[in-house]
Each structure stands twice: as C-alpha cells, then as structure tokens.
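Chemist: pasting the sequence and the predicted model now:
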Amino acid sequence: MAHIEDYALIGDLRTAALVATDGSVDWLCLPRFDSPAVFAAVLGDDGNGRWTMGPSAGGRCTRRRYRRHSLILETDWIVSDGQVRVTDFMSPTGPEGQLVRVVEGVAGLVHMHTSLALRMDYGRIVPEHHGLGRRILATTEHQNVCLSTDVHMNRVGGCMTADFTVGAGERLTFVLTHAPEPNLPAPADPVRSLAATSAFWDQWISRCTYAGRWADSVRRSLVVLKALTHAPTGSILAAVTTSLPENIGGTRNWDFRYCWLRDAAFALEAFDATGYGAEVAAWTDWLARVVASGSSDVQIMYRLDGARHLPEQTLDWLAGYRASAPVRIGNAAAMQVQNDVWGEVLSVLCNRGPSDRRMRRILLRGLEDSWQEPDNGIWEVRGPRRHFVHSKAMAWVGVDRVVRALEAEDATPETLERLRKLRRTIHDDVCHRGFNTALGSFTQCYGSSRLDASLLLLPRYGFLPWNDPRMVGTVDAVQSHLTRDGLVLRYSTDARVPNCDGIPGDEGTFLACSFWLADALHGIGRTDDAEALFERLLSLRNDVGLLSEEYDVATGHHLGNTPQAFSHAGLVSTALRLSRQLSHSKEPAAFESWSDAAS
C-alpha cells in the first residue's frame, strides 16, 4: 500500500484527486471536495475504488514532476521496452469534476494496463455500467460518471479494464467526467483542456511577488494553497482528505474537507503577503455571507458552501488507511467553542485596510461575549474545556486589531476607551495567569505546567516582543520539552496525564508547529538555527513538494490528512520571515511599545 507521501495532488479548484507513484488514483470525490468519494482505496483496499494506469509489469514510476508551477502531473516509467509518460490533470477552466489522463509514448513500444474501478459512496456501491468500448456511463441512484477514451475498454466484474500498447510519439487519452444527469456528456477535447490548464497556472503564479532564496518552494506551496480553495465560493479547506491517521493504527482520524476559519486565516496571511489579494477578498466575501445572521451563530468551521451541518459519522465498510479505523466523515468539532478564532479572523479583516464594519462588529461582539469562558482551544481537544492561554491571547489580538481600525476611522472616544481598557485587561490576565514562573514559560492553560506549541505565536501577533524574557523562556521550553528529534509536537499526548485531550493514543510531530519554531528561533536571534530547521522541514516534503499534517520521526513517513493547508501556509510564512520579506518591523508593534495609550 502506498505511503501518504507517495501521493501527488491534482485538482480543479472544486475537487481534487490523489495519484500514487504507481499511477493509481486512490482518492477522488465528485463533484466537490466534500462529496462522497468515487475512489477510496486510500482508506481501504482495491475493492473500494481506484483507477490504475501504468506499464503492464506494474511498479513504482521512474520519476514524476509537476509541469512548471502547475498541478499538471507528469509521471514517467522507463522499462525494458521503452519509456512512457502519463500526464494527469484536472482543469480549473473546464467542466466540473473532470479528470484527464494522457498516455504518451516517449521511446520504444510499452505495454500498458489500466483498470477503472468506480465505487460510489466512499467505496461502498458498485455502479451500473452502460455502454462498452470507448464511451461508458457508470450510474447509481445519486451519482453518474462517464469515461471517454481512445482505448477499447472491457468489463471484468465491476471494473473496466484495457491492455494496450503505446509507441514513441503516440498519444492516447482517457477522460473521466462527473455527469449531473444519467446521460453521456459531450466528448471532451483533452489537448485543448491541457493547454487551457497550463495557461491558467502560468497566469496565476505570475502574480507571486516573492522572489527570495526559496522561490521555488514558496511557489509550490502557494499552488497547493490555491488548489485547496473552492473557486465557486471562495472558501478554503484544510486538506483534501478525510481520516488519514495521525498515528498508524490509531483513532485520531478526522475529516478535513471543510473550511476552518482559523486554518483559512493562516492561508490568507500567506496569500496576502505574496500578492494574492484576490483570494483574500473572495474568502472575506464568503465569510460575510456565512455570518450574516450574527455572532451567536458563528461556527469555527463550515462546509465549503457555508452550510453549517457537519454531523460526524463512521464508514464501517472501510478498514482505514493501514487499518487505522474508524474512517470518519463530517466533523463534530464544528460545534466546539474555540475562542482563538475571533482574533485570527479579525486580524485578517483589519490588517488589510478598511474592513467590513458589519462583519467586524459581529465578530467583536462574539469575542466580548466569550473570551472569559473556557473553550476547546486551537487543537480542538475533546476533553474538558479549559482556559487556554493561546485562546485568551488571540482574544487580545482581536480587540487590538479592532482598536487599530477604529483609530484610523476616528471612532468615538467612548468606544475607543472601552476597547483599550478591554485590551489591557486581557493582556494583564494572560501575563498574570498564563505564565509559569517556575518553568520560565507560558503554559497551555491557566494554572497548568503543560506546554503548547501555539504559544510560539504570541510575538507574531504583537502580544509581546520577541526578545521579552518570557518569550525567550517559552521558546527554550518548547524546544527542550515538546520536540521529537528536533520537530515540534502540538502538546504532550501522554496517556498517563488525566484529561489530556479526551482522545486515546499518540500522534506525530506537527509540521506547522515546527515552522512556528523556526519563526521563533529567528525572532529571538538564533537565525542559523532557524534556517537549519527550515531547510530540514523542506527536506521532509515528498518528491513533488507536498506536506501532510504531521511527520513520524521514527519511520520517516508522513501522517495525517494531505496536503495540509496549515503546513504549506507555515512554509510560506517562514520563508518570507527568513528572507526578511516579512520582517519584524512589518509585524504588529508589541504591546509594551504603546501600553500608555491603552491605559
């Protein structure tokens, strides 16, 4: 079975597929990222749906790459009889949910095999097949998929298969298309679609303003972040998969195919800093539609279209990736209280100049109503709610950003006085109750001795200066006690600690947090250490530049859902900081520098 890092991503900004190094498409939801999968082998086995394409002898490809800065995947095999290339892509400018595979002979004559096993409803239902040969329609009660190809396909059980040869200079195409109605759609033009897709990505990446030392890495991560945007709505999902485990054989398996306000905020910071203001504007328009009814209804995540209902359920017919069950769809965390979200979203809205005042009022009202209450925190623990230090600090961030915006708008003195007082109150509360003098560090929760990687973010938002002894102590504590082989854990998941997070089992090192440590090392003046850690993190990407959520230092394999927006946003932000293109002078001024004005 493929490892998580064996998968490459293709997508059309409406859905996405994962393609393994042996040429098999093992994950695809149609027609949307959060629709039921028609290929789900990554969460089960071959019987749960996949589409193989490669030399008849099988095996891992010789090499693969993306064409320039795009999501057009080129996979090459060199075999005894010649060389063949499979080009896989989905077109942002083409029909919704269309996957194109082009087989091209490079040298000699290569014997090829393909097997298309569509399994609707997450690998559960074998569809009916209508037609044979080169135009086939697969249908169920709720889903229809059409295959158009240059190759004659045969029916073998519930699969469509073909054995064929391709010679040098020969090109054969396969087009799989979601069909809204149980009818064969008009035949596609793969050559024209490929050209349009290439032109789309060339134009999009040309907007990138980053030209520093890590330009190729940053651009690849920006393309991944763009691939995680849902073009029809402007929302941004956390990852394209569900239930890829945070620990092999464990139960920490979650559905990430939704829009977390927090995760999106990190992606938007990366976009905004590299010239992609249009993506920020599209997301804020989406958010304005989503929160139209007021603060009491604001959730921490939504479906891509803004729908609120994300009931969590398990798919018992899927064994899970490497027997890591259960496989879940939906996410119960949507109903959690996570008080950091207010600050993260307000930071995005208010840092871009004039913001939507109505939306700002809604979010501020939610912050004021909830900041003193315990919550589930940034890591959505399923144990008891607590007074998480990061959540309190992010409440400060939200008030701070609104104060700055109101100062620029000549707000009434009474309003400014009230909010400045609240800003001071929250700051004092965090510094007095969230700092452990014995440890010399901020802690995960008030009155706790436990550490949390999210504490590394405090100077990033201007809560304290990087050189404040309390922050230097926090960075040292996290690096000393919350790392494995130099990479950062979110927090300790030690099962011996009661009420740790309400979930059994361990997890891997968290890649976004490791980027945060690189930022923090840079911030406290340990630039060489920061760059060394960043280079190591770059080396953990797979062969086509993708990062999942976590990394297992014991095995060297990726863990968690993939590709992960959190991880790629972290890569972009750290590259900019280390390149001095996002210097500390551009970050919000630390609280102490204007504390008199807040009194």
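Modeler: Perfect, thanks for sending it.

Chemist: quick one: contacts of stretch 163-172?
Modeler: With contacts defined as Cβ atoms under 8 Å, 6 or more residues apart in numbering, stretch 163-172 is touched by 56, 82, 84, 102-114, 149-151. Where you see a C-beta, it was placed from the backbone N, CA and C, and this is true even at glycine.

Chemist: from the residues you listed, list just the buried residues.
Modeler: Buried subset of the contacts of stretch 163-172 (neighbour count, 16 or more other Cβ atoms under 10 Å): 82, 84, 102-106, 108, 110, 112-114, 149, 151.

Chemist: including secondary structure, distance to Trp260 and pLDDT, could those go into JSON lines?
Modeler: Listed next are the buried ones among the contacts of stretch 163-172 as JSON lines, based on DSSP: H, G, I helix; E, B strand; the rest coil; distance: Cβ to Cβ, whole Å; pLDDT from 0 to 100:
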{"residue": "Gly82", "secondary structure": "strand", "distance to Trp260": "47", "pLDDT": "97"}
{"residue": "Val84", "secondary structure": "strand", "distance to Trp260": "41", "pLDDT": "98"}
{"residue": "Val102", "secondary structure": "strand", "distance to Trp260": "35", "pLDDT": "98"}
{"residue": "Val103", "secondary structure": "strand", "distance to Trp260": "38", "pLDDT": "98"}
{"residue": "Glu104", "secondary structure": "strand", "distance to Trp260": "40", "pLDDT": "98"}
{"residue": "Gly105", "secondary structure": "strand", "distance to Trp260": "45", "pLDDT": "98"}
{"residue": "Val106", "secondary structure": "strand", "distance to Trp260": "43", "pLDDT": "98"}
{"residue": "Gly108", "secondary structure": "strand", "distance to Trp260": "49", "pLDDT": "98"}
{"residue": "Val110", "secondary structure": "strand", "distance to Trp260": "44", "pLDDT": "98"}
{"residue": "Met112", "secondary structure": "strand", "distance to Trp260": "41", "pLDDT": "98"}
{"residue": "His113", "secondary structure": "strand", "distance to Trp260": "40", "pLDDT": "98"}
{"residue": "Thr114", "secondary structure": "strand", "distance to Trp260": "37", "pLDDT": "98"}
{"residue": "Thr149", "secondary structure": "strand", "distance to Trp260": "38", "pLDDT": "96"}
{"residue": "Val151", "secondary structure": "strand", "distance to Trp260": "42", "pLDDT": "96"}
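
Chemist: tell me the one among the residues you listed nearest to Glu368.
Modeler: Closest approach to Glu368 among the buried ones among the contacts of stretch 163-172 (Cβ to Cβ): Val102, at 56.0 Å.

Chemist: which regions of the chain sit below the pLDDT cut-off?
Modeler: Counting by pLDDT under 70, the chain has low-confidence residues at 293-296, 353, 355, 494-500, 581-599.

Chemist: now do the helix or strand harbouring Val38: which elements does it pack against?
Modeler: Assigned by DSSP states H and E, Val38 falls within strand 37-39. When contacts are defined as 3 or more Cβ pairs under 8 Å, 6 or more residues apart in numbering; DSSP states H and E, strand 37-39 sits against strand 25-29, helix 120-123.

Chemist: what's the most distant pair in the buried ones among the contacts of stretch 163-172?
Modeler: The two members of those with the most space between them (Cβ to Cβ) are Gly108 and Thr149, at 22.4 Å.

Chemist: contacting residues around the residue nearest in space to the middle of the chain?
Modeler: When the chain is reduced to its mean C-alpha position, the closest residue under Cα atoms, centre = their mean turns out to be Ala565, at 2.5 Å. Ala565 sits next to 224-225, 228, 236-239, 263-264, 266-267 when contact means Cβ under 8 Å, 6+ apart.

Chemist: which ones among the residues you listed map onto helices?
Modeler: Counting by DSSP state H, the part of these found in helices is 224-225, 263-264, 266-267.

Chemist: and for Ala532, the neighbour number?
Modeler: Other residues within reach of Ala532, judged by other Cβ atoms under 10 Å, total 14.

Chemist: swap in Asn436?
Modeler: One way to gauge burial is a neighbour count; for Asn436, by other Cβ under 10 Å, it gives 21.

Chemist: swap in Leu30?
Modeler: Counted with other Cβ under 10 Å, residues neighbouring Leu30 total 26.

Chemist: tell me which residues touch it, please.
Modeler: For Leu30, the contacting residues are 15, 36, 38, 97, 143, 145, 178, taking Cβ under 8 Å, 6+ apart as the criterion.

Chemist: tell me where the stretch 51-200 of the chain has helices.
Modeler: 120-123, 190-205 (DSSP state H, counting those that start in this stretch).

Chemist: let me redo that: the stretch 201-350 of the chain
Modeler: Remark: helices of the stretch 201-350 of the chain, listed N- to C-terminal, are 215-227, 261-273, 277-290, 341-350; assignment by DSSP H, counting those that start in this stretch.

Chemist: got a list of contacts for the second one?
Modeler: Read that as helix 261-273. Contacts of helix 261-273 with the rest of the structure, by Cβ under 8 Å, 6+ apart, involve 210, 221-222, 225, 228, 235-236, 238, 277, 279-280, 283, 287, 300-301, 338, 340-341, 344-345, 347-348, 351-352, 378, 512, 565-566, 568-570, 572-573, 576, 581-582.

Chemist: restricted to buried residues, select those in PyMOL.
Modeler: What follows is the PyMOL syntax for the buried subset of the contacts of helix 261-273, where burial is set by 16+ other Cβ under 10 Å:
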select buried, resi 210+221+222+225+228+235+236+238+279+280+283+287+300+301+338+340+341+344+345+347+348+351+378+512+565+566+568+569+570+572+573+576+581+582
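
Chemist: before we move on, the earlier item: which of the helices of the stretch 201-350 of the chain sits most buried?
Modeler: helix 341-350 (a mean of 26; mean count of other Cβ atoms under 10 Å).

Chemist: gap between that helix and the chain center?
Modeler: When C-alpha coordinates are averaged (Cα atoms, centre = their mean, to the nearest Å), helix 341-350 and its chain have centres 19 Å apart.

Chemist: packing partners of it?
Modeler: helix 261-273, helix 277-290, helix 357-370, helix 389-408.

Chemist: select, out of these, the one closest to Asp528.
Modeler: Asp528 lies closest, by Cβ to Cβ, to one member of these: helix 261-273, at 23.7 Å.

Chemist: make a markdown table from the buried ones among the contacts of stretch 163-172 and add distance to Leu537 to it.
Modeler: Supplementary listing: these in a markdown table, determined by distance: Cβ to Cβ, whole Å:
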| residue | distance to Leu537 |
| --- | --- |
| Gly82 | 38 |
| Val84 | 34 |
| Val102 | 34 |
| Val103 | 35 |
| Glu104 | 35 |
| Gly105 | 39 |
| Val106 | 34 |
| Gly108 | 40 |
| Val110 | 37 |
| Met112 | 37 |
| His113 | 38 |
| Thr114 | 37 |
| Thr149 | 41 |
| Val151 | 42 |
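
Chemist: quick check, nearest of those residues to Thr474?
Modeler: In terms of Cβ to Cβ, no member of the buried ones among the contacts of stretch 163-172 lies closer to Thr474 than Val102, at 51.9 Å.

Chemist: the helices of the stretch 201-350 of the chain: which one's closest to Ala520?
Modeler: Ranking these by their distance to Ala520 (criterion: Cβ to Cβ) puts helix 261-273 first, at 15.7 Å.

Chemist: what angle separates that closest one from helix 389-408?
Modeler: 50 degrees (axes from the mean of the first three to the mean of the last three Cα atoms, to 10 degrees).

Chemist: one step back: Leu439: which of the ones in helices among the contacts of Ala565 is nearest?
Modeler: Each of these was scored against Leu439 by Cβ to Cβ, and Phe266 proved nearest at 27.1 Å.

Chemist: taking the contacts of Ala565, tell me the two that lie furthest apart.
Modeler: Counting by Cβ to Cβ, the most remote pair of the contacts of Ala565 is Val224 and Ala264, 14.2 Å apart.

Chemist: could you export the helices of the stretch 201-350 of the chain as JSON lines, including distance to Ala8?
Modeler: Listed next are the helices of the stretch 201-350 of the chain as JSON lines, based on distance: least, Cβ to Cβ, whole Å:
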{"stretch": "helix 215-227", "distance to Ala8": "11"}
{"stretch": "helix 261-273", "distance to Ala8": "20"}
{"stretch": "helix 277-290", "distance to Ala8": "22"}
{"stretch": "helix 341-350", "distance to Ala8": "30"}
